[in-house]
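Trainee: give me a 3D structure for the following:
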Amino acid sequence: MITFNACKFLDFSGRYTAEKELIMLRGILKVCWNRPVPDASYPSLVQFCQLRGRLDSPDACLSKDKAICTDYVDHQHSVDIEEE
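Mentor: Have a look, this model is predicted:
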């Protein structure tokens, strides 16, 4: 289990065909998604947002300054990266 702050709309549920992967942002361990992609021109490390769908950046919305929209709400996530 890993606990970190990020936008409350990021989705870390197990409903995606991607695997959770740890990412370091300013010395803090957080979670992004590593999805299988058939072509290297598509991003494999992404985030999933409940409001906007897939975000093509692994650090999108992991902090206020990395927010991609004005709907960012800081929230403490507790994510089990071994649940699959």
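
Trainee: C-alpha only now, for contacts and for neighbours.
Mentor: OK.

Trainee: tell me the contacts of residue 60?
Mentor: 46-47, 66-68 (CA atoms under 8 Å, 6 or more residues apart in numbering).

Trainee: so it, which state does it fall into?
Mentor: Look at residue 60: counting by DSSP: H, G, I helix; E, B strand; the rest coil, its state is coil.

Trainee: confidence score at it?
Mentor: You'll see residue 60 listed with a pLDDT of 97.

Trainee: tell me where the model's unsure across this structure.
Mentor: Applying pLDDT under 70 to the chain flags residues 83-84.

Trainee: can you tell me which helix or strand the residue lying closest to residue 31 once chain neighbours are set aside belongs to?
Mentor: In space, and not counting its chain neighbours, residue 31 is closest to residue 22: 4.6 Å by CA to CA, 6 or more residues apart in numbering. Residue 22 belongs to strand 19-25 when assigned by DSSP states H and E.

Trainee: run through the neighbouring helices and strands of that strand.
Mentor: Judged by 3 or more CA pairs under 8 Å, 6 or more residues apart in numbering; DSSP states H and E, the packing partners of strand 19-25 are strand 28-34.

Trainee: which parts of the strand it packs on are buried?
Mentor: Neighbour counts over strand 28-34 (16 or more other CA atoms under 10 Å) mark 30-34 as buried.

Trainee: which helices and strands does the helix or strand that it is followed by pack with?
Mentor: Sequence order places strand 45-49 as the next helix or strand after strand 28-34, per DSSP H and E. Judged by 3+ CA pairs under 8 Å, 6+ apart, the packing partners of strand 45-49 are strand 28-34, strand 53-55.

Trainee: partners of the first one in the sheet?
Mentor: Taking DSSP bridges as the criterion, strand 28-34 forms sheet pairs with strand 19-25 (antiparallel), strand 45-49 (antiparallel).

Trainee: so which of those comes closest to residue 82?
Mentor: The minimum distance between residue 82 and the strands paired with strand 28-34 falls on strand 19-25, with 8.3 Å, by CA to CA.

Trainee: show me what counts as buried in the closest one.
Mentor: Counting neighbours by 16+ other CA under 10 Å, strand 19-25 gives 19-21, 23 as buried.

Trainee: lovely, talk soon.
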